[in-house]
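> A predicted structure for the sequence below; I have some questions about it.
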Protein chains: 2
Amino acid sequence: MTSAAADRRRASRDAKRAKILAEAWELGKRDGLAAISLRDLGGRVGLRQPSLYVYFESKLDLYDAMFADGYRQLLELVGRRRRAQEPQAALTAYVRDIVRFCSENVERHQLLFQRTIPGFEPSPDSYRLAVEFYDLARAHLAAAGVTRRNDLDLFTAMVAGLTHQQVANDPGGRRWVRLAGPTVAMFLADVQRRRQVSTATARRVTT
Amino acid sequence: MTSAAADRRRASRDAKRAKILAEAWELGKRDGLAAISLRDLGGRVGLRQPSLYVYFESKLDLYDAMFADGYRQLLELVGRRRRAQEPQAALTAYVRDIVRFCSENVERHQLLFQRTIPGFEPSPDSYRLAVEFYDLARAHLAAAGVTRRNDLDLFTAMVAGLTHQQVANDPGGRRWVRLAGPTVAMFLADVQRRRQVSTATARRVTT
DNA sequence: GTCTATACATCGATAGAC
DNA sequence: GTCTATCGATGTATAGAC
């Protein structure tokens, strides 16, 4: 039932949607995400403001599409890595990629990781991409032997903190990007140390 | 020249300002900070919208007053601690206080630590309070023997990360609050370990 | 200090013509 | 799909009565 004409129509529509999203990110970087104006946005893609409603149901729907778009870019970035690395190196690269991505795309960071647009909540479809992203972290950690919930929580907090400080105090720079390696090393050493302590205790008990 | 009448007038004015600020926080918690409407706010304090301009020069000026108000509350909270503690315990209490404060006051967290209100920038006077707050962290760290910039950066990132995750994933809860102790312990152990390594190296070199 | 009234600009959103 | 026209809500600001 999908004729060639329908395919063309959909492709054209998707291309226009992509163009609108790209311009929306530009506007968000320039004026702040919450300050995006649909009239501005329309003007940038050669449309009047009401015509945008052909491509997005509402402004919140636009934010939702941007949310999904941002996570797709992030997943593409961290998924590009070779997998045949040792766990600590892979984990470090993962963290560095994220912090760098957020440093270079503060507007993406705001939408993806801060929840500051009044009324915006990602749709289930978009949220699935966010979950996929967190699952990647869990996989990296499992490969490094880290599986306890408190350790996962501590790790995600450290990644969130590095990105937050980078974005807030040195946007576009590398001041906290450079701390990815030392941070991961500190974290894995701590997990290791605690494992040895509990093993030693168990040994003492069973001996 | 400050007559008793002038004192009364100023006191009344300050009280009204405080009331407006309190209601503004309420509105921010309910609708999001950026969605505060001056007409709503006026209604909550028994005033029409234009009358608010008697107390604040503009909406951004209101945000600025909220920014200062939030930091004063935070400084009051972390300053309430007894000082005669050992450094690690003091540092842990400091971190726990901050994460808990943000967990219970997500709108304060948004204004104080995320910079997401388009066009808002704290005035020099208000910013001074933020600096005072960071200086407190520096003092706690110095007492624990931590003074290198990278270590300060790592520490602030961890505090920011714990608060961020707490606010984003368990607002009002304690899931990341409970990690304050283990986090500080991990951090100080890491600093200590690195100090020993460099000391050992220096000894090797000089021997 | 507080009010009413009003102006102006901006915004998201909708109706309906083409 | 794209447009014009329009709506209601918003923030900003001012004038002027009480």
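Good, I have the coordinates.
> tell me the spacing between A:Tyr94 and A:Ala137.
7 Å (CB to CB, to the nearest Å). Yep, even glycine has a C-beta here, placed from its N, CA and C like the rest.
> the more surrounded of the two?
A:Tyr94 (22 against 18; other CB atoms under 10 Å in any protein chain shown).
> on the three-state scheme, that one is what?
helix (DSSP: H, G, I helix; E, B strand; the rest coil).
> got the domain boundaries for chain A?
Chain A breaks down into these domains under automatic domain parsing: A:1-56, A:68-206.
> does DNA strand D sit close to the last one?
Put plainly, it is domain A:68-206. No - legend: contact between domain A:68-206 and DNA strand D by CB under 7 Å from any atom of the strand is lacking; minimum distance shown is 10.9 Å.
> that domain and DNA strand C in contact?
No - Domain A:68-206 lies apart from DNA strand C when judged by CB under 7 Å from any atom of the strand; the minimum separation is 8.6 Å.
> what's near enough to touch the residue lying closest to A:Gly28 once chain neighbours are set aside?
Closest residue to A:Gly28 apart from its sequence neighbours, by CB to CB, 6 or more residues apart in numbering or on different chains: A:Glu107 at 3.8 Å. Listed by CB atoms under 8 Å, 6 or more residues apart in numbering or on different chains, the contact partners of A:Glu107 are A:Trp25, A:Gly28, A:Lys29, A:Gly32, A:Leu33.
> from those, list just the buried residues.
A:Trp25, A:Gly28, A:Gly32, A:Leu33 (16 or more other CB atoms under 10 Å in any protein chain shown).
> farthest-apart pair in the residues you listed, please.
A:Trp25 and A:Gly32 (12.2 Å; CB to CB).
> which one among the contacts of A:Glu107 gets closest to DNA strand D?
Closest approach to DNA strand D among these (CB to the nearest atom of the strand): A:Gly32, at 14.5 Å.
> the nearest residue to that closest one once chain neighbours are set aside: neighbour count?
In this structure, A:Gly32 finds its nearest non-sequential neighbour in B:Pro118, 3.8 Å apart by CB to CB, 6+ apart. By other CB under 10 Å, 13 other residues sit near B:Pro118.
> what of A:Arg83?
8.
> surely it and A:Ala90 touch.
Yes - at 7.4 Å, A:Arg83 counts as touching A:Ala90 under the criterion of CB atoms under 8 Å.
> what are the buried residues along the helix or strand of chain A with the lowest mean pLDDT?
When the helices and strands of chain A are scored by mean pLDDT, DSSP states H and E, helix A:180-206 comes last with a mean of 90. By 16+ other CB under 10 Å, the buried positions in helix A:180-206 come out as A:Ala180, A:Gly181, A:Thr183, A:Val184, A:Met186, A:Phe187, A:Leu188, A:Asp190, A:Val191.
> chain center to it, what's the gap?
With CA atoms, centre = their mean, to the nearest Å as the basis, helix A:180-206 stands 29 Å off its chain's centre.
> is that helix up against chain B anywhere?
Yes - for helix A:180-206, a contact with chain B is found by CB under 8 Å from any CB of the partner chain, at A:Pro182, A:Thr183, A:Met186, A:Phe187, A:Ala189, A:Asp190, A:Arg193.
> cool, stretch A:67-78 as well?
No - remark: stretch A:67-78 sits outside contact range of chain B, by CB under 8 Å from any CB, the gap being at least 14.0 Å.
> which residues does that stretch contact?
By CB under 8 Å, 6+ apart, the list of residues contacting stretch A:67-78 reads A:21, A:25, A:94, A:97-98, A:101, A:105, A:108, A:111-112, A:120, A:122, A:125-126, A:129-130, A:132-133, A:136.
> try stretch A:131-142
Contacts of stretch A:131-142 (CB under 8 Å, 6+ apart): A:71, A:74-75, A:78-79, A:87, A:90-91, A:94, A:147, A:151-152, A:155-156, A:159.
> tell me which of the residues you listed has the lowest pLDDT.
For these, the least confident position by pLDDT is A:Gly79, scoring 91.
> what's the burial count for that residue?
Residues near A:Gly79, counting by other CB under 10 Å: 12.
> separation between A:Gln110 and A:Thr156?
18 Å.
> which of the two has more neighbours?
Just comparing A:Gln110 and A:Thr156: by other CB under 10 Å the higher neighbour count belongs to A:Gln110, 23 against 20.
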